[in-house]
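Colleague: next input, structure requested:
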Amino acid sequence: MIIDKERKGISTFIATLLLMVLAVSAGVVIHAYMIGYVGGFGGPLTLGSISVDAWTLTEDTATSATDYYLTAHLRNTGKTTFKIDIVYVNGLEEIRFTPADFTLTEGGVDDLVITGGFEGSKTYEIKLIGVDNTQLILQVKK
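Modeller: Residues are numbered from 1 along each chain as shown. Reported below is the predicted structural model:
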């Protein structure tokens with residue numbers, strides 16, 4: 001039986017190189033999966049998250065007509081401060097809300113009052129848009 005000393009297996013250099021490529025590619029796949037699962041690191045462009053705990057349409061006794069004003073109890077469930085930029089009522093820009101510089105810090109709760117022109121037995125779509133483009137749509141009916 002003759003053993004050929006010239007035949008060799010794969011060199012240790014190529015084997016090491018293949019293992020390194022395998023380890024790096026596995027790391028990239030795991031990193032991409034975890035960033036998608038966890039949601040990234042967040043940053044200045046992270047949108048807020050606002051929820052409505054309760055709302056009421058209350059008759060405005062200061063006017064002679066049967067107008068109502070809307071009080072919405074809002075909660076900031078996001079990781080950034082939320083400040084209202086524009087309020088739309090049925091697609092029309094409505095700027096009458098108090099306080100005028102409505103801001104909620106992270107985890108904060110407060111009441112937002114929108115006045116003028118609400119009538120009973122009608123459905124209204126209220127759309128709140130924050131300065132960071134966070135949006136909340138609320139439908140109310142008395």
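Colleague: next secondary structure element downstream of the lowest-mean-pLDDT helix or strand in the chain?
Modeller: Here the helix or strand of the chain ranked lowest by mean pLDDT, DSSP states H and E is strand 92-94, holding a mean of 73. Reading on from strand 92-94 to the C-terminus, the next helix or strand found by DSSP states H and E is strand 97-98.
Colleague: what's in contact with that next one?
Modeller: Outside strand 97-98, the residues that touch it by Cβ atoms under 8 Å, 6 or more residues apart in numbering are I84, V87, L112, V113, I114, T115. Every C-beta, even on glycine, is put in place using the N, C-alpha and C of the backbone.
Colleague: filter these down to the buried ones.
Modeller: Listed as buried from these are I84, V87, L112, I114, T115; burial here means 16 or more other Cβ atoms under 10 Å.
Colleague: ok, so of those, who is nearest K122?
Modeller: The closest of the buried ones among the contacts of strand 97-98 to K122 turns out to be I114 (Cβ to Cβ; 14.3 Å).
Colleague: which residues does the closest one contact?
Modeller: Y69, L70, A72, V87, V89, E94, R96, F97, I126.
Colleague: looking at the third one now. What's its pLDDT?
Modeller: In the prediction, the pLDDT value recorded for A72 is 87.
Colleague: quick one, what contacts N76?
Modeller: Counted by Cβ under 8 Å, 6+ apart, N76 has contacts G48, S49, I50, F82, L104, T105, E106, G107, G108, V109.
Colleague: so R96 versus V113, what's the distance?
Modeller: 9 Å (Cβ to Cβ, to the nearest Å).
Colleague: same check on I10?
Modeller: Separation of I10 from V113 (Cβ to Cβ) stands at 76 Å.
Colleague: tally of neighbours for D67?
Modeller: Counted by other Cβ atoms under 10 Å, the residues lying close to D67 total 16.
Colleague: is it true that it touches F118?
Modeller: Yes - contact criterion Cβ atoms under 8 Å: D67 and F118 qualify, at 6.3 Å.
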